[in-house]
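> Here's my sequence, what's the structure:
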Amino acid sequence: MAEQAPGRARQERIYSDGVVGIRSRVPTGPDELERRGRRAMSRRADAYVTGGAGGGTTVRANREAFTRREIVPRVLRDVGDRDLSAELFGRTLPAPLLLAPIGALDLVRRGADRAVAAGAAAAGVPMVISNQAGTPTEEIVRAGGAPTWFQLYWSTSDELVDSFLGRAEAAGCEAVVVTLDTTMLGWRPRDLDLGHLPFARGIGIAQYTSDPVFRGLVQERLSRPRSGPAPKVTPQAVRTLLEITRNAPGRFWENLRSPVPRAAVETFLQVYSRPRLSWDDLAGLRARTRLPILVKGVLHPDDARRALDSGADGVIVSNHGGRQVDHAIASLDALPGVVGAVADRAPVLLDSGVRTGADVATAVRLGARAVLLGRPFVHGLALDGARGVAQVIANVVAELDLVCGLAGATTPAGIEIRERGR
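Prediction:
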């Protein structure tokens, strides 16, 4: 018997569970999922995950770009056999979907990155491991089993970059995603108003504290005489020091007596980003790893062409979920131009603003080989850990399957869409 399509299978599972009184903690609709997920988080976690740059114009633009595209269903087209699969770097994915890299997820749930890996594996989709994870890459890969990619933030230390790349390869990651749009943090009012940067509290720096090159940088820092005025001692400063101590690897009481945890945070803040990053740096990366290289944060066709000329193997159209530049172009609006510039030279993926299966179908129809899902899986994580992540993915894939069939298409690329007003 042929395997049942994911849309019908997911519906039947939910309805059969309902007959015996079982209801998921994870809503199927995007608005309710976000509402409940945000309610399940702390104020700091919600600000970090949900907040955008400036007035939030880019966050809204990402969603508005999807709502302007309308699917035009066609009928009587024999859609009994549908194919959602996507090919990426020699691997066939069951659906054109990956989990985006999101840092500092321990704000949402302790051990979050391992839970996300387990949820991704259960749903059968790849996870892009964040450079700012709360768990080292090696442990995340072991916790999952699904294909993994590794996100790279380009440090000021080339030796550290090489160490991260080597560790990703050794752990079994299948691609490197170089994030280009975060050489400095955007203006994020919700985090700023709380005075809260998770990395300054030791959250989301496990890739660094587990790295031998970074630990060497920390020791160098400790060997130098401390300069500048001594930190002001306040109740909040003491609470922050205790938080850093708890988040550092090792035993709490040993960390409390050690200068290393605080020095690690200070070293991270000094080295994690590289504002002077240039095309010359990207061109030199190809010789430093055997993994496929994708560049994330591209919104202009000329940048996409130049990235491929500099050795990139793929392009991810993204405005960082609206978290970096206010009034930036929506990722979906930028997608067709980038696809046209790249042509068939390399796969183009889309990130930012994706919430539903219909969104995935729209992006693929506009030329994306696959999409990266971000905030929705974090809301699932907040509600039910690894199970919540897996259920969010299953719901998105189920809707994608049903949208294809109901629109009269056997693949997402085969649906018909139009832009409202045109």
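> from here on, contacts and neighbour counts on C-alpha atoms
OK.
> Residue ranges in the stretch 101-250 of the chain under the pLDDT threshold?
Scanning the stretch 101-250 of the chain with the threshold set as pLDDT under 70 gives 227-230.
> Show me the strands in the protein, by range?
Under the criterion DSSP state E, the chain carries strands at the ranges 69-71, 86-88, 91-93, 97-99, 127-129, 148-152, 176-179, 293-298, 314-317, 348-351, 370-373, 417-419.
> can you tell me how far the residue nearest to Ala47 when sequence neighbours are not counted sits from Arg60?
In this structure, Ala47 finds its nearest non-sequential neighbour in Arg190, 5.4 Å apart by CA to CA, 6 or more residues apart in numbering. According to CA to CA, to the nearest Å, Arg190 stands 16 Å off from Arg60.
> more neighbours, these two?
Between Arg190 and Arg60, counted using other CA atoms under 10 Å, the more crowded position is Arg190 (19 against 16).
> so the more buried one makes contact with Tyr48?
Yes - the pair Arg190 and Tyr48 qualifies as a contact (CA atoms under 8 Å) at a distance of 7.5 Å.
> if we can go back for a sec, tell me which of the strands of the chain approaches Arg43 most closely.
strand 370-373 (22.3 Å; CA to CA).
> Show me the longest helix that occurs in the protein.
The residue-count maximum for a helix in the chain (DSSP state H) belongs to helix 375-406.
> by contact count, what packs against it?
Using 3 or more CA pairs under 8 Å, 6 or more residues apart in numbering; DSSP states H and E as the contact definition, the elements that helix 375-406 packs against are helix 6-19, helix 30-39, helix 43-50, helix 112-123, helix 357-365.
> buried sites along that helix?
Neighbour counts over helix 375-406 (16 or more other CA atoms under 10 Å) mark 375-406 as buried.
> Now do it and helix 112-123, the angle between them.
With axes from the mean of the first three to the mean of the last three CA atoms, to 10 degrees as the criterion, the two stretches helix 375-406 and helix 112-123 enclose an angle of 20 degrees.
> and helix 375-406, how far from the chain's centre?
Its chain's C-alpha centre and that of helix 375-406 lie 15 Å apart, by CA atoms, centre = their mean, to the nearest Å.
> cool, stretch 212-219 as well?
Relative to the chain's own centre, stretch 212-219 is displaced by 27 Å; criterion: CA atoms, centre = their mean.
> Can you give me the buried ones in that stretch?
Residues of stretch 212-219 classed as buried: Val213, Phe214, Arg215, Leu217, Val218 (neighbour count, 16+ other CA under 10 Å).
> Now for those residues: which two are most distant?
In these, two members sit farther apart than any others by CA to CA. They are Val213 and Val218, at 8.9 Å.
> Ignoring the adjacent residues along the chain, who's closest to Val128?
The shortest distance from Val128 to any non-neighbouring residue, by CA to CA, 6+ apart, is to Trp149 (4.5 Å).
> isn't the one you found right up against Pro126?
Yes - taking CA under 8 Å as the definition, Trp149 is a contact partner of Pro126 at 7.3 Å.
> Pick out whichever of those two has more residues nearby.
Counting neighbours by other CA under 10 Å for Trp149 and for Pro126 shows that Trp149 has the greater number, 28 against 24.
> can you pull the contacts of the more buried one?
Pro126, Met127, Val128, Ile129, Cys173, Glu174, Ala175, Val176, Val177 (CA atoms under 8 Å, 6 or more residues apart in numbering).
> do the same with Ala370
Contacts were defined as CA under 8 Å, 6+ apart; by that measure Ala370 touches Ala86, Ala95, Pro96, Leu97, Leu98, Val348, Leu349, Leu350, Val360, Ala363, Val364.
> quick one on the thing from earlier: could you dump the helices and strands packed on helix 375-406 to JSON lines with distance to Trp279 and mean neighbour count?
Formatted as JSON lines, the helices and strands packed on helix 375-406 follow (distance: least, CA to CA, whole Å; neighbours: other CA atoms under 10 Å):
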{"stretch": "helix 6-19", "distance to Trp279": "42", "mean neighbour count": "14"}
{"stretch": "helix 30-39", "distance to Trp279": "38", "mean neighbour count": "17"}
{"stretch": "helix 43-50", "distance to Trp279": "30", "mean neighbour count": "20"}
{"stretch": "helix 112-123", "distance to Trp279": "31", "mean neighbour count": "25"}
{"stretch": "helix 357-365", "distance to Trp279": "28", "mean neighbour count": "25"}
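> With distance to Ala312 added, can I get those helices in a markdown table?
As requested, the helices and strands packed on helix 375-406 are arranged in a markdown table below (distance: least, CA to CA, whole Å):
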| stretch | distance to Ala312 |
| --- | --- |
| helix 6-19 | 33 |
| helix 30-39 | 33 |
| helix 43-50 | 29 |
| helix 112-123 | 26 |
| helix 357-365 | 21 |
